[in-house]
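*Asks:* Dropping a prediction and its sequence here:
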Amino acid sequence: MKDFAVPAGSERRDAGTVVDRTLFNHRLTELERRVGRIEAFLLGVLCTIAVSVLGGMVAVLNLPRP
């Protein structure tokens, strides 16, 4: 991913590198936030599927309800 590549000369401490590093950290934070949202969505989908399967098993097997 070209947008998230660290420049080769990142050891220097001039104003340009500070701005670049700040922008890099901002983009990395935004990427982590998006990945977190995707993970939460997928976890919700998997939980919904699991509850549906469990409900189907209760209906088919006539398990006693608590």
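*Replies:* That came through, no problem. Given the structure is predicted, the values throughout are model-derived calculations rather than measurements.

*Asks:* Need the pLDDT of F24.
*Replies:* Looking at F24, its pLDDT is 85.

*Asks:* tally of neighbours for it?
*Replies:* For F24, the count of nearby residues is 17 (other Cβ atoms under 10 Å). Every residue, glycine included, has its C-beta placed from N, CA and C.

*Asks:* What helix or strand is it located in?
*Replies:* Element membership for F24, per DSSP states H and E: helix 15-61.

*Asks:* List the buried residues in stretch 48-63.
*Replies:* For stretch 48-63, the neighbour count (16 or more other Cβ atoms under 10 Å) marks no residue as buried.

*Asks:* as a whole number, average confidence for it?
*Replies:* Stretch 48-63 comes out at a mean pLDDT of 88.

*Asks:* C-alpha coordinates for that stretch, CSV please?
*Replies:* Provided in CSV are the C-alpha atoms of stretch 48-63 (Å, rounded to 0.1, in the frame of the first residue of the first chain):
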residue,chain,number,x,y,z
THR,A,48,-26.1,-14.0,14.6
ILE,A,49,-25.4,-17.2,12.6
ALA,A,50,-24.5,-19.1,15.8
VAL,A,51,-27.8,-18.0,17.5
SER,A,52,-29.8,-19.0,14.5
VAL,A,53,-28.2,-22.5,14.4
LEU,A,54,-28.8,-22.9,18.1
GLY,A,55,-32.4,-22.0,17.6
GLY,A,56,-32.8,-24.5,14.8
MET,A,57,-31.2,-27.2,16.9
VAL,A,58,-33.7,-26.5,19.7
ALA,A,59,-36.6,-26.6,17.3
VAL,A,60,-35.4,-29.8,15.6
LEU,A,61,-34.3,-31.7,18.7
ASN,A,62,-37.2,-30.5,20.9
LEU,A,63,-34.7,-29.7,23.6
